[in-house]
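**Student:** What follows is a predicted protein model with its sequence.
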Amino acid sequence: MSSTSSSGSETSASSSKFNAIKVLYSKKSKVPVQNAPLYDNLQQFESALKYNETQSSCVVPVGRQELVKKREEEKAAKRKEEERILAEKNKLRFAQYRGLETVKKVRKVKNVLTRIESMKGPLGALKDCVDQRLRIKVTTRHAYGIRGVLHATLVAFDKQWNLALTDVLEIWKKKAPKKRKIPPGLVTPVPKGTAASISAVPVVTETPIGGGVLECTRHLPQVMVRGEHVVLVNIVER
């Protein structure tokens, strides 16, 4: 009887003869408090006794994820509040020096398209042609005189009168083969049809106008005309 009572007292958590090893191997052991918090070691339990659960330094028992999540949220909110207060202090601290700081000027990007917007005078008329998609007539020249005319739509230009044209109808005049002097060839001519195999060559239509002169016309999708070849620009459509 004494051995039974002694063994019972050693497995009882409230007994002064409590034996933890016997409790682990005993099948009759009962937990006094079912919802008691669990800790990984004795040091965590002693730390938990010193602090309240509401304090940030409290050791959270095993399996209480909601407390851990709540604590992290409180830490994040506190950190944000400290950063806000620090930003306000710095703002007030450097407010007196705000007028002394140098403001860096933003350099505007300049190109052909941005310069078109500020064109005035004759170039301003070209700007209207670009905005309204008007057809223009450009008279061109070569080294000895007038070469021909271009009927086209203006896409872009610059202050040197370099013109970018689309949907171009080119008209010029030349003498018939029997009337013009053909200089001797300086290099070996390109075989017929070689250029056409690389890129489509516009078809030139030749119309006799009398006096051994032919009027040539051809249609070009896009043309870039240098300003030194431009003689006159007329607005055909208004």
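**Tutor:** Yes, it's here.

**Student:** Give me the secondary structure label for residue 86.
**Tutor:** Under DSSP: H, G, I helix; E, B strand; the rest coil, the three-state class of residue 86 is helix.

**Student:** Per-residue pLDDT of it, please?
**Tutor:** Note for residue 86: predicted pLDDT of 91.

**Student:** Any regions of the chain where pLDDT drops low?
**Tutor:** 1-8, 50-65, 99-101, 179-199, 238 (pLDDT under 70).

**Student:** And the strands in it?
**Tutor:** Assigned by DSSP state E, the chain shows strands spanning 135-141, 146-157, 163-175, 205-210, 213-225, 230-235.

**Student:** So which of these is nearest residue 66?
**Tutor:** Proximity to residue 66 (CB to CB) singles out strand 146-157 among the strands of the chain, at 67.2 Å. The C-beta positions use only the backbone N, C-alpha and C, and glycine is treated the same way.

**Student:** follow-up on the earlier one: any chance of the strands of the chain in a markdown table with distance to residue 77 and mean neighbour count as columns?
**Tutor:** Formatted as a markdown table, the strands of the chain follow (distance: least, CB to CB, whole Å; neighbours: other CB atoms under 10 Å):
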| stretch | distance to residue 77 | mean neighbour count |
| --- | --- | --- |
| strand 135-141 | 68 | 17 |
| strand 146-157 | 57 | 18 |
| strand 163-175 | 61 | 17 |
| strand 205-210 | 82 | 10 |
| strand 213-225 | 63 | 14 |
| strand 230-235 | 69 | 14 |
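
**Student:** Distance to residue 41 added to those strands, as CSV?
**Tutor:** Converted to CSV, those look like this (distance: least, CB to CB, whole Å):
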stretch, distance to residue 41
strand 135-141, 91
strand 146-157, 79
strand 163-175, 81
strand 205-210, 100
strand 213-225, 83
strand 230-235, 92
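
**Student:** Before I go, just wanted to say thanks for your time.
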